[in-house]
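[1] Just a sequence and a predicted model for now, questions to come.
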Amino acid sequence: MPMLEVRAVQGGYGDITVLKEVSLEVEEREVVALVGANGAGKSTLLRTVSGLLRPTAGEIRLRGERIDQAPPHRVVELGFVQVPEGKQLFQQMTVEENLLVGSLCPRARGARQRSLEEVYSLFGELADKRRRQAGSLSGGEQQMVAVGRALMARPTILAMDEPSLGLAPVVVDRLFAVLQTIRDRGMTILRIEQNVQQTLEMADRGYVMENGHIVLTGSGPELLANEHLKTHYLGL
């Protein structure tokens with residue numbers, strides 16, 4: 001049984017339908033990439049899985065339990081935790097206070113101290129700045145806090161919405177290295193990215209979304225070799 005199943009989901013915002021019979025699966029310990037142009041519906045799909053939006057049709061199941069009508073806190077409690085686009089930190093709170101927010105759900109409270117130690121081992125930069133206000137950090141450091149906060153919730157699936165957006169190349173490389181470490185530890189990851197090449201190189205499988213539809217799926221190497229993807233997303 002897949003950890004996450006999305007079946008023929010439709011939805012969007014009010015009368016505007018963005019998702020058009022979207023289906024995908026994420027297996028345990030997989031890294032699955034969802035790529036596509038800006039406005040294709042990728043973030044809308046993550047918000048729908050997270051419970052922030054309600055689908056108008058279709059089903060979403062997490063570890064076998066149907067969640068398409070579940071509130072967001074229930075989705076988090078079941079283990080689907082999102083790193084939102086734009087970080088969305090509490091700017092006036094310290095780094096450590098922001099991280100601790102991630103451990104407020106019941107499933108994570110008992111492991112709070114261990115989780116902090118794990119996050120600081122991944123992001124040594126944050127350990128040195130744990131008492132600083134999050135708003136005083138660089139963009140790359142703030143993204144590290146956002147990822148760390150999600151890890152504090154002890155996810156079974158870590159969902160990431162454009163984690164490298166707007167970051168300098170050296171910071172992107174640093175973030176990808178951490179994600180590789182997380183992956184090597186067995187974390188299941190669903191990633192939305194416009195950074196197609198680097199993302200698919202890391203992914204076990206990928207989906208390409210265009211105008212609310214899934215138009216291609218396959219392994220990372222298969223998609224990177226696809227002529228449509230090379231022409232429209234890699235500029236080759």
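    Cool, the structure landed.

[2] which residues touch stretch 81-91?
    43, 46, 50, 97-98, 101-102, 133-135, 142-143, 145-147, 149-150, 153, 155, 157-163, 165, 192 (Cβ atoms under 8 Å, 6 or more residues apart in numbering). Quick note: C-beta positions are derived from backbone N, CA and C, even for glycine.

[3] make that stretch 226-236, sorry
    With Cβ under 8 Å, 6+ apart, stretch 226-236 has contacts from V35, A37, V196, Q197, V208, V215, L216, G218, L223, L224.

[4] Restricted to helices, list the residues you listed.
    V196, Q197, L223, L224 (DSSP state H).

[5] Return stretch 57-73 as CSV; C-alpha atoms alone will do.
    The C-alpha trace of stretch 57-73 is given here as CSV (Å, rounded to 0.1, in the frame of the first residue of the first chain):
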residue,chain,number,x,y,z
ALA,A,57,-13.9,15.3,-6.3
GLY,A,58,-11.6,12.3,-5.8
GLU,A,59,-9.9,10.7,-2.8
ILE,A,60,-6.7,11.3,-0.8
ARG,A,61,-5.4,8.5,1.5
LEU,A,62,-2.5,8.7,3.9
ARG,A,63,-1.3,5.3,5.1
GLY,A,64,-4.6,3.9,4.1
GLU,A,65,-6.7,6.5,5.9
ARG,A,66,-8.9,8.8,3.9
ILE,A,67,-7.9,12.4,4.6
ASP,A,68,-9.5,14.5,1.9
GLN,A,69,-12.1,15.9,4.4
ALA,A,70,-9.7,15.9,7.4
PRO,A,71,-8.6,19.1,9.1
PRO,A,72,-5.0,20.2,8.7
HIS,A,73,-4.0,19.2,12.2
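
[6] for that stretch, which positions count as buried?
    G58, I60, R61, L62, R63, I67, D68, A70 (16 or more other Cβ atoms under 10 Å).

[7] thinking again about what came up before, in ChimeraX, select just the buried ones from the contacts of stretch 81-91.
    Selection of buried members from these for ChimeraX, criterion 16+ other Cβ under 10 Å:
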select :43,46,50,98,102,133,134,142,143,145,146,147,149,150,153,155,157,158,159,160,161,162,163,165,192
